[in-house]
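A.B. asks: Quick one, what's the 3D model for this:
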Amino acid sequence: MKNIFKKEFNSKGIVKINNIINSRILEKLNKKINLIFNNIMIEKKIITNPINIFQYPNILRKFKNNFPDLFLNIKHKAIQKLPEVYEIGNSKKIKKYLKSLGLKSPVYSTDPLIMMHHNSTNISAKGDYAPLHQDWRSIQGSLNCIVIWIPIAELNDKMGNIEYYPSSHLQGLLPTLKHSWYRKVDFSLSKKIKIKKDRIKKGDAFFFSSFLIHKSAINKDNKIRVSLQFRYNDIEDKDYIRRGYPCNYIHSVPKKKLLKKDIPELEKIKRLYK
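C.D. replies: Predicted structure coming up:
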């Protein structure tokens, strides 16, 4: 079974694994994401009682329109640091599959990402959808780097997921063109190779090579598409070692000034520790 799994990955550059996340862990993660959004929206009087944010895109649109900077902070920062995210990425199940695909010693290339795609949550006027690209260009880590894409909320065909060109990872790193998102691949073989769309359910996962050419499908449903993404390098990859374990991401230093004047208040700190 292991050999068949690895053979498919080597040939197509991608495999799908069913039920990668335990339903209990997934429920905990979704509750935490909802808790963070609800706490802020109640504080800002957008809502009076907690809601399931995945089912109420109009409420999130109102939050985004009324408090754009705060919305960005929650979407791009606050929900990204949840322990449940790392609990999933460090699970024995995921490590087992990574090793079966050739990563001897997996290590994160960057922090995991929770992504939300819908016109109520997108920031760009054209949507936050990635064009055709290869993840290795931004990672530049081990050559056997693997990306995992997992839908963590209910998904249907209209909501889309990722679309890819099978076996395109065997073309190596391709030239790119400028794009507002980051860079995009001008894939000349696209006329010969048909782009593929696979169905995937909540809690399932795509494991794919960071050289696979893929893009984000547009969400055409009225519900929000929420996905979890991991990227793993291999610290035993000889090319990765030779290049000195490069990291192509910025790990920013903290701002020197307090974000809010007169916070924290001394009396609140004293009350906290009574």
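A.B. asks: any idea where the strands of the stretch 151-274 of the chain begin and end?
C.D. replies: For the stretch 151-274 of the chain, the strands defined by DSSP state E, counting those that start in this stretch cover 162-164, 176-178, 183-185, 196-197, 205-209, 214-216, 225-234.
A.B. asks: Would you mind giving the orientation angle of the longest one with respect to strand 205-209?
C.D. replies: For strand 225-234 and strand 205-209, the angle between their directions (axes from the mean of the first three to the mean of the last three CA atoms, to 10 degrees) works out to 40 degrees.
A.B. asks: Begin at 19 from now on, thanks
C.D. replies: Yep, numbering from 19; the last one is strand 243-252 now.
A.B. asks: Could you please name the strands strand 243-252 pairs with and the direction of each pair?
C.D. replies: Sheet pairing of strand 243-252 (DSSP bridges) gives strand 124-126 (antiparallel), strand 131-135 (antiparallel), strand 164-169 (antiparallel).
A.B. asks: Tabulate the CA atom coordinates of the last one in CSV.
C.D. replies: Read that as strand 164-169. C-alpha atoms of strand 164-169 as CSV (Å, rounded to 0.1, in the frame of the first residue of the first chain):
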residue,chain,number,x,y,z
ILE,A,164,5.6,18.9,0.5
VAL,A,165,2.4,21.0,0.8
ILE,A,166,-0.7,19.9,2.5
TRP,A,167,-4.1,21.5,1.8
ILE,A,168,-7.1,20.6,4.1
PRO,A,169,-10.7,22.0,4.0
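A.B. asks: For the closest residue to residue 131 other than its chain neighbours, grab the count of nearby residues.
C.D. replies: Spatially, and ignoring its direct neighbours in sequence, residue 131 is nearest to residue 247 (4.5 Å; CB to CB, 6 or more residues apart in numbering). No exception for glycine: its C-beta is placed from N, CA and C like everyone else's. For residue 247, the neighbour count with other CB atoms under 10 Å is 17.
A.B. asks: list the contacts for residue 247?
C.D. replies: Residues near residue 247 by CB atoms under 8 Å, 6 or more residues apart in numbering: 130, 131, 132, 133, 165, 166, 167, 168.
A.B. asks: and if we set it to 10 Å?
C.D. replies: 107, 128, 130-133, 153, 165-168, 180, 224 (CB atoms under 10 Å, 6 or more residues apart in numbering).
A.B. asks: Could you pull out the buried residues of stretch 92-106?
C.D. replies: 92, 93, 97, 100, 102, 103, 106 (16 or more other CB atoms under 10 Å).
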